[in-house]
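> Sharing a model that was predicted from the sequence below.
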Amino acid sequence: SGPGTYSPTGQPTGNPQDKVAQGGAYLTTAQGLRLPDTDHSLKAGPRGPVLLQDHHLREKVMHFDHERIPERVVHARGAGAHGLFRGYGTASNITKAAFLAQDVETPVFVRFSTVIGSRGSMDTARDTRGFATKFYTSEGVFDLVGNNCPIFFIQDAIKFPDVIHAAKWHPDREIPQAQTAHDTFWDFVGLHTEGTFHTIWNMSDRGIPRSYRMMEGFGVHTFRMVDAEGATTLVKFHWKPKLGVHSLVWEEAQLLGGVDPDFHRRDLADAIEAGAYPQWELGIQTFPDTPEQTFEGIDLLDSTKIVPEELAPVQPIGLLTLNRNPSNFFAETEQVAFHVGHLVPGIDVTDDPLLAGRLFSYLDTQLTRLAGPNFPQIPINRPHAPVNDMLRDGFHQAAVHRGVAPYRPNSLDGGCPFTAGAVEGGYVEVPMEVSGRKVREAPASFADHFSQSRLFWLSLTPVEREHTIAAYTFELGKCYEQAIKERYLRVLANIDPVLCQQVAEGLGLPAPQASEPLADPRPSPALSQVGQTWPAD
Ligand code: HEM
């Protein structure tokens, strides 16, 4: 640090100096000592040994030695942007969330990511993409930590370490870096068939988006909205890109991965710099908050299921515009810390067992990744609402707290009593009834692993089906173990016989029969998540 080298708030000043790393008249040490020279160590004579007393040398090298922090355990590679969200007010009949009221504008920071690859992996790998949004609302931070895929691989967070161990590189060779084309991934999804829908989504063109600007986003879980009177509605969040949904074809993705591994990162930054600001509408599907928490027979607590849009249309509730690139990747994109538990009045969680594990995991991982409990003080993570907490001390404490009694009530300074005024507008969890036997088991409604994969398959156009068959064939073809390929063909047989037959042919293996009767989705409505309607009879 030194004169002109950083902005304590993280906000650009608009000053041309913003682009200059060392804009001051002279360099200093971290202690502010003026430095006449930073190119030569202090030595006993020009050709003599370097002296231990050279504090500048030790400070400079020590700081450099610690420049890297651990990458995220998942979603390590990403790109971020600042923007603005404007509420339409159309959700105000079901939620009291202030940022969703008509024409309320809220600053946001969005980070897009791949899930599996390391920080230096290629952007165009076949993978799910993260779509995480931090809304700096007047009532505190709200994070919508979603993906570009409306379903997830598993139904219960206790399997998350397992699915990630399987999807990441093999522990012996650390291969592959950024792909699901390997034995452990296909072993896992062959044995844990609740991942069938997420897997076919990734094998379709949706797994290789053309641009972050051309992807949908999904909150995946069902959330609970609450109005001012306490009435509740279940909702699923959707981001719809104004540019439409577009994908690469496999050959493009492969070439780009070599020619420009930063393709998506560059595309986002270049578009924003050129003033072509990407936009998404935020929308919700709404469902009555019944004791069963199902809709048209679909379990709303099962994150491996969608609710087709014909059954529950997506209603637009606001507009997101990304209009400013980060000025420092590390300070903003790398240090941003999202959390599904960052909620505001008017939005609450449900009992989805995948969501419950996430509520623990993000805070826990950030404690290590960002070295201690004070990461909410990092500029990119600071709320734009007043903070008056009783959290004290800890590694990297940047605040100088006042007062002698950080607890309440106290009889020394009487600070911050919970007055009626303070309680009003405070966050109150929805008082849901909770009962049940303590068990480790999934509900029977989680058992159907194939019918929505079949819906998805049937909604694809012929060329999309060709791409999907080619993707399965390529990815399974990379497995060394024949038994893993054979087991996965049995999964495909439960989606569709043609799909199974063609992938089996590509792999040079016999096609098995379905082990379950194939779900006949008709006369249920079509699946339009993919913007398709039913193929004509
Ligand atoms: C990171 C989405 C499930 C643990 C992320 C990120 C996204 C995301 C978008 C990247 C955030 C960023 O850009 O900084 C999702 C979605 C899920 C899901 C949509 C399911 C619906 C889970 C589960 C767990 C988990 C079940 C653990 C039990 C993590 C962890 C990180 C992460 C540890 C790294 C966070 C950090 O280092 O700041 N997830 N995730 N996720 N996720 Fe998830």
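Good, I have the coordinates.
> which residue ranges form the strands in the stretch 301-450 of the chain?
Along the stretch 301-450 of the chain, counting by DSSP state E, counting those that start in this stretch, strands occupy 315-324, 347-348.
> Dump the ones you listed to a markdown table, plus distance to Met62.
Just so you know, the C-beta spots here come from the backbone N, C-alpha and C atoms, and that holds for glycine as well. Shown next, in a markdown table, are these (distance: least, Cβ to Cβ, whole Å):
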| stretch | distance to Met62 |
| --- | --- |
| strand 315-324 | 33 |
| strand 347-348 | 44 |
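> So for the ligand, which of these sits nearest?
Closest of those to the ligand is strand 315-324, at 14.2 Å (criterion: Cβ to the nearest ligand atom).
> Enumerate every residue touching Ile208.
Each residue near Ile208 by Cβ atoms under 8 Å, 6 or more residues apart in numbering is listed here: Thr124, Arg126, Ser247, Leu248, Val249, Trp250, Glu252, Ala253.
> quick revisit: including mean pLDDT, distance to Leu301 and mean neighbour count, could the strands of the stretch 301-450 of the chain go into JSON lines?
Below are those laid out as JSON lines (pLDDT from 0 to 100; distance: least, Cβ to Cβ, whole Å; neighbours: other Cβ atoms under 10 Å):
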{"stretch": "strand 315-324", "mean pLDDT": "98", "distance to Leu301": "22", "mean neighbour count": "19"}
{"stretch": "strand 347-348", "mean pLDDT": "98", "distance to Leu301": "14", "mean neighbour count": "20"}
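> Quick one: closest of those to His396.
Ranking the strands of the stretch 301-450 of the chain by proximity to His396 (Cβ to Cβ) places strand 315-324 first, at 26.3 Å.
> Whatever helix or strand comes next after the closest one and the ligand, are they touching?
Sequence order places helix 329 as the next helix or strand after strand 315-324, per DSSP states H and E. No. Helix 329 does not reach the ligand (Cβ under 6 Å from any ligand atom); its nearest approach is 12.8 Å.
> follow-up on the earlier one: reformat the strands of the stretch 301-450 of the chain into JSON lines and put distance to the ligand next to each item.
Listed next are those as JSON lines, based on distance: least, Cβ to the nearest ligand atom, whole Å:
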{"stretch": "strand 315-324", "distance to the ligand": "14"}
{"stretch": "strand 347-348", "distance to the ligand": "16"}
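> State whether Arg265 is indeed within a strand.
No. Using DSSP: H, G, I helix; E, B strand; the rest coil, the assignment for Arg265 is helix, not a strand.
> show me the contacts for it.
Shown in contact with Arg265 (Cβ under 8 Å, 6+ apart): Ala79, Asp123.
> one step back: let's see if you can find the most crowded of the contacts of Ile208.
When neighbours are counted as other Cβ atoms under 10 Å, the busiest of the contacts of Ile208 turns out to be Thr124, with 26 neighbours.
> just the contacts of Ile208 now: which is nearest the ligand?
Closest to the ligand out of the contacts of Ile208 is Arg126 (17.2 Å), distances taken as Cβ to the nearest ligand atom.
> how about low-confidence regions in the stretch 101-250 of the chain?
The stretch 101-250 of the chain contains no residues with pLDDT under 70.
> all helices for it, in order.
All helices of the stretch 101-250 of the chain, identified by DSSP state H, counting those that start in this stretch, fall at 160-167, 183-191, 196-203, 250-259.
> Centroid-nearest residue for this structure?
Among the residues of the chain, the one closest to the centroid is Gly130, at 3.6 Å (Cα atoms, centre = their mean).
> Pretty sure it sits against His75.
Yes. With contact defined as Cβ atoms under 8 Å, Gly130 reaches His75; the gap is 4.7 Å.
> shared neighbours of those two, which are they?
Here Gly130 and His75 share the contacting residues Ser113, Thr114, Val115, scored by Cβ under 8 Å, 6+ apart.
> thinking the last one is in contact with Lys168, fair?
No. Val115 is not in contact with Lys168 according to Cβ under 8 Å; the separation is 9.3 Å.
> what's the burial count for Gln53?
Neighbourhood size, Gln53 [other Cβ under 10 Å]: 8.
> what about it, is that helix, strand or coil?
Secondary structure, three-state DSSP: Gln53 is coil.
> Contacts only, for the closest residue to it other than its chain neighbours.
Excluding the flanking residues, the one nearest Gln53 by Cβ to Cβ, 6 or more residues apart in numbering is Leu42, at 6.8 Å. Contact analysis of Leu42 by Cβ under 8 Å, 6+ apart lists Val50, Leu51, Gln53, Asp54, His56, Leu57.
> let's see 7 Å
Residues near Leu42 by Cβ atoms under 7 Å, 6 or more residues apart in numbering: Val50, Leu51, Gln53, Asp54, Leu57.
> Would you check that the first one makes contact with His56?
Put plainly, it is Val50. No. Contact criterion Cβ atoms under 7 Å: Val50 and His56 do not qualify, at 11.7 Å.
> And the two? Which one has more around it.
For Val50 versus His56, the count of surrounding residues by other Cβ under 10 Å is larger for His56: 18 against 12.
> what's the helix or strand for the more buried one?
According to DSSP H and E, His56 maps onto helix 55-65.
> before we move on, the earlier item: from the contacts of Leu42, which is closest to the ligand?
For the contacts of Leu42, the closest approach to the ligand (Cβ to the nearest ligand atom) belongs to Leu57, at 33.5 Å.
> neighbours around the closest one, how many?
Residues near Leu57, counting by other Cβ under 10 Å: 17.
> which parts of the stretch 201-350 of the chain sit against the ligand?
Residues of the stretch 201-350 of the chain lying close to the ligand (Cβ under 6 Å from any ligand atom) are Val220, His221, Ser303, Val336, Ala337, Phe338.
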